[in-house]
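Participant: Fold the following and give me the result.
(2 chains, ligands or ions: 1)
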Amino acid sequence: MKMLAANRLSDGEAVWLAADGNWVDEISHAETVRDKDGEERLLAAGRDATGRNEVVDAELVDVEIIDGFIRPIRLRERIRAAGPSIHPELGKQAKKSAVTLA
Amino acid sequence: MYRYDEFDHAFVKARVAQFRDQVERRLSGEIDEAQFKPLRLMNGVYLQLHAYMLRIAIPYGTLASRQLRMLAHIARTYDKGYGHFTTRQNLQFHWPALKDVPQILELLASVEMHCIQTSGNCIRNVTADHLAGAAADEVADPRPYAEILRQWSSLHPEFSYLPRKFKIAVTGAERDRAAVQVYDIGLHLKKDAAGRLGFAVYVGGGLGRTPIIAKKIHDFVPEEDLLSYTTAILRVYNLYGRRDNKWKARIKILVHELGAEAFAAQVEKEFVELQESTLKLPDEDLNAIQAYFAPPTLPARPEGDALVAREAAVNSGFAAWLNRNVHTHRNPDYASVTVSLKGIGEVPGDISADQMDAVADLAEAYACDEIRVSHEQNLILPHVARANLKAVYDRLIEIGLATPNAGLVTDIICCPGLDYCALANARSIPVAQQIAERFADQRRQEEIDDLKIKMSGCINACGHHHVGHIGILGVEKKGAELYQVTLGGSGDENTAIGDIIGRGFGPDEIVDAVETIIETYLVHRLDTSETFLAAYRRLGPAPFKEALYGSEAKAA
Ligand code: SF4
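Facilitator: Residues are numbered from 1 along each chain as shown, chains lettered A, B, ... in the order given. A predicted model of the protein is given here:
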């Protein structure tokens, strides 16, 4: 299973592509896809958004669903989704309880 | 301290205006990321995991109070209220928005700072001994030469597209506090028999994937030949350095593959051509730059010793701090002070905006308005009257920066690692925090005495792990964090690359492993005067392997 991650151009904020085509800053709202077609669709949307200068470095990220929550497989992407593990008061984790590093 | 002249001001201002225009064009979509990325990197703007990162050059680690206050202002206004000092004497902000960067650069320019050449394949910020101009063991202040190199290398047309990045460090003392032997060029300022100043020149040092100790290719290059000799080195590198393979592109590989002698011969050939050129430094120019670094006037303060002794007798915290964080100054009435950015459980090298302001105030009140950044990620107040040490200490206690641990086991060098860095394989900061917490007890730290732990979150080695007495490298194995340990490294006048001790340790094991290593040292040392490094050099890895891996080690 995958989702599409990127950084917003204007402020660098880590963002993910949602099903409605918007870029969201919480992975719980990201769209996940299970097959090649879905991946292609996400990548194409990423290329469009890059072309429109909304985001940079769009890339697919492996995820799984655990207890109904999206969880990136790699620690790197979990940290990206939460914020620095050493600063629970900073980054997305500061405003959202659903995102954890666990 | 060096002050910008008209040329510097105009140059930095023009650069800010240029980048403002580039950012505007990027945000409006006029240029794309492929076009913009090299431009932003030339201005110190990286993209990391959570946000952009802005790397600000602090030439030879010297800051004035007004500059530190401006960094505090930027941290508060455009970042999240803190900054991170790096092993390259730079400051990084981890959260600036791209749209704000031109404004930040303008503010920096107003206090004679910039981010130029903090990235890219050019000559980077020149670093120097953090005790320059203050140390008792110094031959001469290395900073005027670092400043000359800075001016010469800034936007140098010939050396703006080198095969790879290029780093120069300068020290002026026998005791090398600038780690010059792990630099592309390391310069050791010294005097010859006739009393003339010049440099022993080391070339081709570096850490990263292929750690190599620099080779000395010249024992004495007279000071007036600094630029011609350096240019000769860069020319040879620019011509023969590999551009086909990023991992083989640093000068260390060229020196290694050619051999130091053959490399030196090439440099000599270039140097003969250049020696009498316009690159020869005229006395007037040398003197003019040196004048900026004239030692501050230090009034006699003979009452200091008695005051310090009296306070230390009744205040054990102050005594511990004196013992570790106060360093001998060339003037016996004065001292240099390490402001520890390694509070137990804190992030190594991080400092809040309020702390920046407070340190700036302290420097203004008690330290001739000067602050230094050390490659060990601490701040230094270089010139403090001994009579004022207690006042400085009291204030540092108030702002949480008086941890008496300079050079001790909790004074850990640590890169940002996977908590911020897009290149990282593992986290480094939480490991440093846990080690510091494990060894928080002051008596235990003092019993262990001098011990340098250095940690990196990937093989790029920003945390200098290869030259840590205990080095820790974070890697990713099967999707999990793993920490490799090296022992016996050292980044001073007796530079050594540490030995990999064996299989790595998981996040739950690494702190125990470090403790095992340290306990093994305590058991085996000859007496309390034998440091960890000396003991390791005498004992070799065997007892440490045995302690860490037991029967596993014997079988291997
Ligand atoms: S050593 Fe690696 S992880 Fe650490 S800051 Fe450097 S590039 Fe990033």
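
Participant: Could you report the neighbour count for the residue of chain A found nearest the ligand?
Facilitator: Ranked by C-beta to the nearest ligand atom, the top residue of chain A for proximity to the ligand is A:Arg76, at 10.7 Å. Bear in mind the C-beta positions are built from the backbone N, C-alpha and C, glycine included. By other C-beta atoms under 10 Å in any protein chain shown, 20 other residues sit near A:Arg76.

Participant: So what does it look like in phi/psi?
Facilitator: Note on A:Arg76: backbone dihedrals following degrees, to the nearest 10 are phi -50, psi -50.

Participant: right, and it touches B:Leu418 too?
Facilitator: Yes. In this structure, A:Arg76 is within contact of B:Leu418 by C-beta atoms under 8 Å, at 6.1 Å.

Participant: If you count contacts, what does the helix or strand hosting B:Gln18 end up packed against?
Facilitator: Using DSSP states H and E, B:Gln18 falls within helix B:6-27. If you count contacts as 3 or more C-beta pairs under 8 Å, 6 or more residues apart in numbering or on different chains; DSSP states H and E, helix B:6-27 packs onto helix B:33-42, helix B:101-110.

Participant: which element follows the last one toward the C-terminus?
Facilitator: Read it as helix B:101-110. strand B:127-128.

Participant: pLDDT on that next one, on average?
Facilitator: Averaged over strand B:127-128, pLDDT sits at 94.

Participant: the longest helix in chain A is where?
Facilitator: Scanning chain A for the helix with the most residues, using DSSP state H, yields helix A:36-51.

Participant: what's near enough to touch the residue of chain A positioned farthest from its centre?
Facilitator: Most distant from the centre of chain A: A:Ile86, at 20.2 Å, with distances by C-alpha atoms, centre = their mean. Residues in contact with A:Ile86 (C-beta atoms under 8 Å, 6 or more residues apart in numbering or on different chains) are B:Val347, B:Asp419, B:Ile429, B:Pro430, B:Gln433.

Participant: Just name the closest of those to chain A, please.
Facilitator: Among those, B:Asp419 lies closest to chain A (C-beta to the nearest C-beta), at 3.9 Å.

Participant: Give me the neighbour count for the closest residue to the closest one other than its chain neighbours.
Facilitator: Distances taken as C-beta to C-beta, 6 or more residues apart in numbering or on different chains place A:Pro84 nearest to B:Asp419, at 3.9 Å, with adjacent residues excluded. Other residues lying near A:Pro84 total 24 when counted by other C-beta under 10 Å.

Participant: can you check B:Gln103 too?
Facilitator: Count around B:Gln103 with other C-beta under 10 Å applied: 17.

Participant: now the one 5 residues further on
Facilitator: B:Leu108: 22 surrounding residues under other C-beta under 10 Å.

Participant: Give me the spatial nearest neighbour of B:Gly488, chain neighbours excluded.
Facilitator: Closest to B:Gly488 by C-beta to C-beta, 6+ apart is B:Tyr536, at 4.5 Å.

Participant: Please apply the same query to A:Glu77.
Facilitator: A:Val61 (4.9 Å).

Participant: Backbone torsions only: list them for the one you found.
Facilitator: Backbone torsions for A:Val61, taken as degrees, to the nearest 10, come to phi -130, psi 130.

Participant: pLDDT wise, what is residue 37 at?
Facilitator: All of this refers to chain A. For A:Asp37, the model assigns a pLDDT of 97.

Participant: wrong one, chain B
Facilitator: B:Lys37 carries a pLDDT value of 95.

Participant: re earlier: any residues in contact with both of A:Arg76 and B:Leu418?
Facilitator: Joint contacts of A:Arg76 and B:Leu418 (C-beta under 8 Å, 6+ apart) are B:Leu49, B:Ala424.

Participant: count of neighbours near B:Ala17?
Facilitator: There are 14 residues near B:Ala17, going by other C-beta under 10 Å.

Participant: does any part of the longest helix of chain A sit near chain B?
Facilitator: Yes. Judged by C-beta under 8 Å from any C-beta of the partner chain, helix A:36-51 and chain B are in contact via A:Thr50.

Participant: Render the CA-only coordinates of that helix in CSV, please.
Facilitator: The C-alpha trace of helix A:36-51 is given here as CSV (Å, rounded to 0.1, in the frame of the first residue of the first chain):
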residue,chain,number,x,y,z
LYS,A,36,-0.1,-0.2,-9.8
ASP,A,37,-2.9,1.8,-11.4
GLY,A,38,-3.5,3.7,-8.1
GLU,A,39,0.2,4.4,-7.9
GLU,A,40,0.3,5.7,-11.4
ARG,A,41,-2.6,7.9,-10.7
LEU,A,42,-0.9,9.4,-7.6
LEU,A,43,2.3,9.9,-9.4
ALA,A,44,0.6,11.6,-12.3
ALA,A,45,-1.2,13.9,-9.8
GLY,A,46,2.2,14.5,-8.2
ARG,A,47,3.7,15.5,-11.5
ASP,A,48,0.8,17.9,-12.2
ALA,A,49,1.2,19.5,-8.8
THR,A,50,4.9,19.8,-9.3
GLY,A,51,4.3,21.4,-12.6
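
Participant: Quick check: buried residues in that helix?
Facilitator: A:Gly38, A:Glu39, A:Leu42, A:Leu43, A:Ala45, A:Gly46, A:Ala49, A:Thr50 (16 or more other C-beta atoms under 10 Å in any protein chain shown).

Participant: Next to chain B, which bits of chain A? Give me the list.
Facilitator: Within chain A, the positions lying close to chain B (C-beta under 8 Å from any C-beta) are A:7, A:9-14, A:50, A:52-53, A:56-57, A:73-76, A:79-80, A:83-87, A:90-91.

Participant: From the residues you listed, keep the buried residues only.
Facilitator: Buried members of the residues of chain A next to chain B, scored by 16+ other C-beta under 10 Å, are A:7, A:9-10, A:12-14, A:50, A:53, A:56-57, A:75-76, A:79-80, A:83-87, A:90-91.

Participant: got the phi/psi numbers for the spatially most central residue of chain A?
Facilitator: By C-alpha atoms, centre = their mean, chain A has its centre lying nearest to A:Trp16, at 3.3 Å. For A:Trp16, the backbone dihedrals (degrees, to the nearest 10) come out as phi -130, psi 150.

Participant: got the end-to-end distance for stretch B:490-504?
Facilitator: Terminal residues of stretch B:490-504 lie 20 Å apart, using C-alpha to C-alpha, to the nearest Å.

Participant: and if you look at stretch A:58-76?
Facilitator: End to end - C-alpha to C-alpha - stretch A:58-76 spans 15 Å.

Participant: And stretch B:112-131, by the same measure?
Facilitator: 22 Å.

Participant: picking that back up, residues in contact with the residue of chain A closest to the ligand?
Facilitator: B:Leu49, B:Leu418, B:Ala424.

Participant: Neighbour-wise, give me the winner out of the contacts of A:Ile86.
Facilitator: So for the contacts of A:Ile86 (other C-beta under 10 Å), the most neighbours sit at B:Ile429, 27 neighbours.

Participant: contacting residues around that residue?
Facilitator: Neighbours of B:Ile429 in contact, by C-beta under 8 Å, 6+ apart: A:Pro84, A:Ile86, B:Val347, B:Pro348, B:Cys414, B:Pro416, B:Gly417, B:Asp419.

Participant: Please identify which pair of the contacts of A:Ile86 lies farthest apart.
Facilitator: B:Asp419 and B:Gln433 (10.7 Å; C-beta to C-beta).
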